[in-house]
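# Any chance you could fold what I've pasted below:
(one chain, ligands or ions: 2)
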Amino acid sequence: MLLKIPGLLTNEQVHRCREALARASWVDGRTTAGHGAASVKQNLQLALSDPIGIEVGNLILDVLGRSPLFMSAALPLKVMPPMFNRYEGGGTYGNHVDNAIRMLRGTDHRVRTDISTTVFLTDPADYDGGELVIEDTYGSQTIKLAAGDMVMYPGTSVHRVTPVTRGSRISAFFWTQSLIREDAQRALLYELDNSIQQLAVDVPGHLEITRLTGVYHNLVRRWSIT
Ligand SMILES: O=C(O)CCC(=O)C(=O)O
Ligand SMILES: [Fe+2]
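Ligands and ions are numbered 1, 2, ... in the order given. Alright, predicted model coming up:
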């Protein structure tokens, strides 16, 4: 399931992130890519230990934790600390699939990358190119969103970022391990949750809402990996 979350960050929050990131030092993005991906990756990133990245990442995690849309669609078990990248001067990231397992820095904790996410931090009018192209079962989706918007998509997808030929594209990206491993099951739960929420507005207090809520939780119980 590919899902956009418009306005995850307010303009003020985007501004704060961008101001902090402008003070950070960027390194070659190939340092954090797996073997196959490194050969098609041509961008800049913040070092994982960069205190500015950690601070801005915490702001984003805080906002995410309060996003009902993210919680419902991701059903997160573990969210990796956000990382940051910058593409300019033809910078690009060719077709790749993200590594299935990532280590949490400084620990021996592993995170399975069920869901990949990009949070756009640059106004699309400020750069050319830089589209995130995701191969989906319904064909390829081209994503270029307003600053503060986010897209989440299955970690299993082949994806790329087209060359940035004018300006500079700065984004946060991170991975989530979901309680629900299978994308199709997660998508069903998301649909059901949305339906129940809508029913609760349209026919408040209806007994069937309680039964459907039970079905929702019993499916989570059946499918959850924890
Ligand atoms: O910059 C993006 O939107 C995606 C980055 C990406 O695919 C990656 O770092 O694996
Ligand atoms: Fe990727």
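
# Please work out the residue of this protein nearest to ligand 1 and name it.
residue 118 (3.6 Å; Cβ to the nearest ligand atom). (Glycine included, C-beta is placed from N, CA and C.)

# For that residue, give me its contacts.
For residue 118, the contacting residues are 132, 143, 150-151, 171-173, by Cβ atoms under 8 Å, 6 or more residues apart in numbering.

# That one: what secondary structure?
When classified by DSSP: H, G, I helix; E, B strand; the rest coil, residue 118 comes out as strand.

# Tell me which residues of the longest helix seen in the chain come out buried.
Secondary structure of the chain per DSSP state H: the longest helix is helix 183-202. Neighbour-count burial for helix 183-202, counted by 16 or more other Cβ atoms under 10 Å, picks out 183, 185-190, 192-193, 196.

# okay if I get those as TSV plus pLDDT?
Shown next, in TSV, are the buried residues of helix 183-202 (pLDDT from 0 to 100):
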residue	pLDDT
183	97
185	98
186	98
187	98
188	98
189	98
190	98
192	98
193	98
196	98
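
# Out of those residues, the closest to residue 177 would be?
Within those, proximity to residue 177 (Cβ to Cβ) peaks at residue 186, which comes in at 11.7 Å.

# Look at the residue nearest the centre of the chain and report its pLDDT.
Nearest to the mean C-alpha position of the chain, by Cα atoms, centre = their mean, lies residue 117 at 1.5 Å. For residue 117, the model assigns a pLDDT of 98.

# Begin at 31 from now on, thanks
Fine by me, first position is 31 from now on; the one you just mentioned is residue 147.

# wait, isn't it in contact with residue 185?
No: with contact defined as Cβ atoms under 8 Å, residue 147 does not reach residue 185; the gap is 9.6 Å.

# so what's in contact with those two at the same time?
Common contacts of residue 147 and residue 185, defined by Cβ under 8 Å, 6+ apart, comprise residue 205.

# Flag every residue of the protein that's near ligand 1.
Contact residues (Cβ under 6 Å from any ligand atom) of the chain with ligand 1: 115, 123, 128, 148, 162, 189, 191, 201, 203.

# re earlier: output the contacts of residue 148 as TSV; include the columns pLDDT and distance to residue 99.
Shown next, in TSV, are the contacts of residue 148 (pLDDT from 0 to 100; distance: Cβ to Cβ, whole Å):
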residue	pLDDT	distance to residue 99
162	98	19
173	98	16
180	98	9
181	98	12
201	98	19
202	98	17
203	98	18
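
# which pair in those residues spans the largest distance?
173 and 202 (14.4 Å).

# neighbour count winner among those two?
residue 202 (25 against 17; other Cβ atoms under 10 Å).

# all helices of this protein, in order?
Using DSSP H, the helices of the chain run over 41-52, 65-68, 81-95, 98-104, 213-232, 237-253.

# and of the ones you listed, who's closest to residue 196?
Of the helices of the chain, the one closest to residue 196 (Cβ to Cβ) turns out to be helix 41-52, at 17.9 Å.
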